[in-house]
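Participant: below is the sequence, then the predicted model.
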Amino acid sequence: MAFRKGGIQIKSADQLAVMRQAGLVVAKTLKAMAEATAPGVTTADLDSIARDCLSTMGATSSFLGYHGYPAVLCASVNSEVVHGIPGPRALKEGDLISLDFGAIVDGWHGDAALTVLVGEVSADIAALSKATEASLWAGLAQARVGNHLTDISHAVEQSTLASAAADGRAYGIVADYGGHGIGSAMHMDPHILNYGKPGRGLVLKAGMALAIEPMLTLGEPEVMVLEDDWTVVTEDSSIACHWEHTVAITDDGPWVLTALDDVRL
Ligand code: MF3
Ligand code: CO
């Protein structure tokens, strides 16, 4: 069993190898859903593709039944930020959809999200997705032995500010949700903010695994939860975007467990 240091689960090399298997299931499933995303496709169609992928690959869902969650996918469209429940809604040209998916292999979890642009989208929406993905990779690059937890947070924020300056606009950084530790459960300590001063919080050690997940908006950062008790939307109805990877901290640097290829930064 993994042991804990300061409350944070430390994984052995063998356990990280199993987490990589879970991460590959996540990467392949996200790719299959992204390729199927098109005008007219419903979010329930994408959920059923994900269910097929899980059973084909012999994995189970991190999400289904989690606090009663009814699907294997979170599909969040336009002003939905995260935790959108798949259903009969058909996608249309110009939409943006975040696909968030988690899988379990032998008790170990992988969790990742990507944003897909449906057909031709506005320049603003395309820039938002690029900025969010860039901020994720800036955070992942800081998942290094000896760094402090908030070095990740700070890097996400700095990247967002740099993209905003380059794009000649502002992006809202959602503050009510953030990243998390991951391993033998999907959500573990620590919580990871997507902004803040560097050099604070726990010191990162080899064997830790984190899910880093920036959420940016074209408007304000404030969000609220809809009546279904799940769907998180922007308060100002601005478009929101979400990208996520699970990363392992190793002596050889960050290992992106949910990338399709073997990515070590
Ligand atoms: N994958 C989400 C996260 O990134 C959590 C999904 S909530 C669930 O933390 F209920 F769908 F599982
Ligand atoms: Co997550």
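Facilitator: Done, it's in. Ligands and ions are numbered 1, 2, ... in the order given.

Participant: ligand 1 contacts on the chain?
Facilitator: By CB under 6 Å from any ligand atom, the residues of the chain that approach ligand 1 are Phe63, Tyr66, His67, Tyr69, Cys74, His83, Asp100, Gly102, Asp111, Ala211, Glu213, Glu244. Bear in mind the C-beta positions are built from the backbone N, C-alpha and C, glycine included.

Participant: and the pLDDT at the fourth one?
Facilitator: pLDDT, the model's per-residue confidence, is 98 for Tyr69.

Participant: check the secondary structure at the residue nearest to it when sequence neighbours are not counted for me.
Facilitator: Using CB to CB, 6 or more residues apart in numbering and skipping the chain neighbours, the partner closest in space to Tyr69 is Phe63 (5.2 Å). Assigned by DSSP: H, G, I helix; E, B strand; the rest coil, the conformation of Phe63 is coil.

Participant: run a quick neighbour tally on Phe63.
Facilitator: Neighbour count of Phe63, defined by other CB atoms under 10 Å: 22.

Participant: residues in contact with it?
Facilitator: By CB atoms under 8 Å, 6 or more residues apart in numbering, the contact set of Phe63 is Tyr69, Ala71, Val72, Leu73, Cys74, Phe101, Gly102, Met186.

Participant: got any ranges where this structure has weak pLDDT?
Facilitator: 1-6 (pLDDT under 70).

Participant: if we go to 90?
Facilitator: Applying pLDDT under 90 to the chain picks out residues 1-7.

Participant: show me where it has its helices.
Facilitator: Counting by DSSP state H, the chain has helices at residues 13-36, 43-57, 123-140, 149-167.

Participant: tabulate these (a markdown table), appending mean neighbour count.
Facilitator: Formatted as a markdown table, the helices of the chain follow (neighbours: other CB atoms under 10 Å):
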| stretch | mean neighbour count |
| --- | --- |
| helix 13-36 | 20 |
| helix 43-57 | 18 |
| helix 123-140 | 21 |
| helix 149-167 | 20 |
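
Participant: please tabulate those in CSV and include distance to Ala90 as additional columns.
Facilitator: Below are those laid out as CSV (distance: least, CB to CB, whole Å):
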stretch, distance to Ala90
helix 13-36, 13
helix 43-57, 8
helix 123-140, 18
helix 149-167, 30
